[in-house]
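Next comes the sequence, and after it the predicted model I'd like to discuss.
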Amino acid sequence: MELSSGPGAQGSEVRVGPVAGRPVGSVRSVEELMELLRACRGAWDTPDRSGDPVDLHDHALQTAHLLRRSHPADKELQVAGLVHDLGHLLRPGDDAGHADTAARAVRPLLGARVAGLVRLHVAAKRYLASVEPDRTLSSRSALTLRAQGGVMGPKEAAAFARDPLAEDAVTLRQADDAGKVVGLDAGVMDDWREILDILARRAGRSRTAPADAEGAPRGHATPLGRGLFPTDPAPGLPVGGRVVPATSWQARSP
Ligand SMILES: [Fe+2]
């Protein structure tokens, strides 16, 4: 893995791996992803530390932990929570583009659904601000909301709600907002290594799977991660129906 400069705390861009033969900034292996996640220790969503009260490392672990608790069978959603803010590490200071940066980085390794959820986590914030106007945002979050496009209008919100990933993206967003508790123990990064290995293998198989009669790769008919693990308990909250889920998180951001 190549980290051509230090993590985001220094305010400089982190470049991931060589460019030849693949998209710039994509993560090539689980080991490389683990190295990036560890580099989140001491890196912040804003280079001047005016943003979230926990660093990107603790925020990733807390977000993933909350999703594992609420959606124990959906490993892709949990992992999306783990990696959703890597854009802040890869391109420090680019708040408006951090979701796209992270989605591009993880898509080759973790697949389309994880990348899609990561990409939508900012849109989900704008959607929630539209359908739940009384929802309280931190002053920093309100500031970045404007930079990220502001509150969605009715047409844009309706279009977002039709996205097949919308409900899960909203769930990710709620965990994102809650996973900022100083001092909360949400495990260690190595807890996620085995799940990342499994998802990476699964995404690799999907890339090479033969197409079905409609031309879609086999293996994409159902969301990856649901029922993937033999010991998975029953799925978490039902999928479908109204987009805004009824989940209320125990932990709230200050
Ligand atoms: Fe976040």
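Arrived safely.

what about residue 188, how many neighbours?
Residue 188 has 11 neighbours, counted by other Cβ atoms under 10 Å. Using the backbone N, CA and C atoms, a C-beta is placed for each residue, glycine as well.

what's the pLDDT at it?
For residue 188, the pLDDT comes out at 97.

host element of the nearest residue to it once chain neighbours are set aside?
In space, and not counting its chain neighbours, residue 188 is closest to residue 61: 7.5 Å by Cβ to Cβ, 6 or more residues apart in numbering. Secondary structure from DSSP states H and E places residue 61 in helix 56-70.

Tell me what angle the following helix or strand past that helix forms with helix 56-70.
Using DSSP H and E, the helix or strand that follows helix 56-70 in sequence is helix 75-83. Counting by axes from the mean of the first three to the mean of the last three Cα atoms, to 10 degrees, helix 75-83 lies at 160 degrees to helix 56-70.

hang on, isn't the residue nearest to residue 188 packed against residue 82?
Yes - here residue 61 lies in contact with residue 82, judged by Cβ atoms under 8 Å, at a distance of 7.4 Å.

Quick one: the helices in the stretch 1-150 of the chain, in order.
For the stretch 1-150 of the chain, the helices defined by DSSP state H, counting those that start in this stretch cover 30-39, 56-70, 75-83, 86-90, 98-110, 112-131, 139-147.

If you average pLDDT over each of the ones you listed, which is lowest?
helix 139-147 (a mean of 81).

Which one of residue 61 and residue 82 is surrounded by more residues?
Higher neighbour count among residue 61 and residue 82: residue 82, with 30 against 24, using other Cβ under 10 Å.

Look up how far residue 184 lies from the more buried one.
15 Å (Cβ to Cβ, to the nearest Å).

Need the pLDDT of residue 148.
We have a pLDDT of 88 for residue 148.
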